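Predicted structure and sequence below. I'll ask about it afterward.
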Amino acid sequence: PLLVVAGERLTPGFALELVRLANRAPQLLVDGAGRTAAAGAAKVPLGEAGLLRLTSAGAGGAARVSASGFLARDPGGAAASVAGRIAIIGVSAPEAGGLRVGPGGALVPAVMLQAAAVGQLLAGRVPLRPAVLRNAEFAGLGLAALAGGALGAAYSPVLLAAAGLLAAGLALAAMAAWLF
């Protein structure tokens, strides 16, 4: 998530906080309507529930450095490769339990998902779900329920037709409750 509510306090998610720190912004600014968050120069549109949809590109530009390579203190080695860049330290071993489902459906280390989120935010790639899709999904659900009721009436006894109409009515009631 980009933002979470902890108690009664709005708190940035890990990736958004890293972007704020990278931009040396003293605070995160959320507009009054809750549509955008500003972390210094980065302006991030907020989607539904403050979630960031990761793209399938993932953290392609993120460098992976092993802990042993980083701790080796080689002046031209791994530590030098992250100088001046955002570094997220985490584990990628499956045994550590940090695997999550990534954008393509494959299991990905959580640290790489966070790196992908930071990369997307810094690049300004924040895909939002169009609001019109919500209404279209409910309309499709209602039409499917009505079609099921009509098919039930055409090919079944009266009892099944009544069940189909009841299901259609329940689906329409659920849609109305969700919309209003």
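Perfect, I can see it now. Source: prediction; values computed, not measured.

Correct me if wrong: Ala42 contacts Leu18.
No. In this structure, Ala42 is not within contact of Leu18 by CB atoms under 8 Å, at 10.6 Å. From N, CA and C alone the C-beta is placed, and that goes for glycine too.

Tell me where this structure has helices.
Using DSSP state H, the helices of the chain run over 14-22, 67-71, 78-81, 110-123, 131-155, 158-179.

Of these, which is nearest Arg53?
helix 110-123 (8.9 Å; CB to CB).

In terms of secondary structure, what does that closest one contact?
Judged by 3 or more CB pairs under 8 Å, 6 or more residues apart in numbering; DSSP states H and E, helix 110-123 is in contact with helix 14-22, strand 42-45, strand 99-101.

Give the rounded mean pLDDT of that helix.
In this model, helix 110-123 has a mean pLDDT of 87.

could you check the angle helix 14-22 makes with that helix?
50 degrees (axes from the mean of the first three to the mean of the last three CA atoms, to 10 degrees).

in helix 110-123, what counts as buried?
110-122 (16 or more other CB atoms under 10 Å).

which of those residues lies closest to Val5?
So of the buried residues of helix 110-123, ranked by how close each gets to Val5 (CB to CB), first place is Ala117, at 18.8 Å.

Can you give me every residue that contacts Val82?
63, 65, 70 (CB atoms under 8 Å, 6 or more residues apart in numbering).

Turn those into CSV, including pLDDT, neighbour count and distance to Leu133.
Formatted as CSV, the contacts of Val82 follow (pLDDT from 0 to 100; neighbours: other CB atoms under 10 Å; distance: CB to CB, whole Å):
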residue, pLDDT, neighbour count, distance to Leu133
Ala63, 71, 11, 36
Val65, 76, 15, 40
Phe70, 72, 16, 43
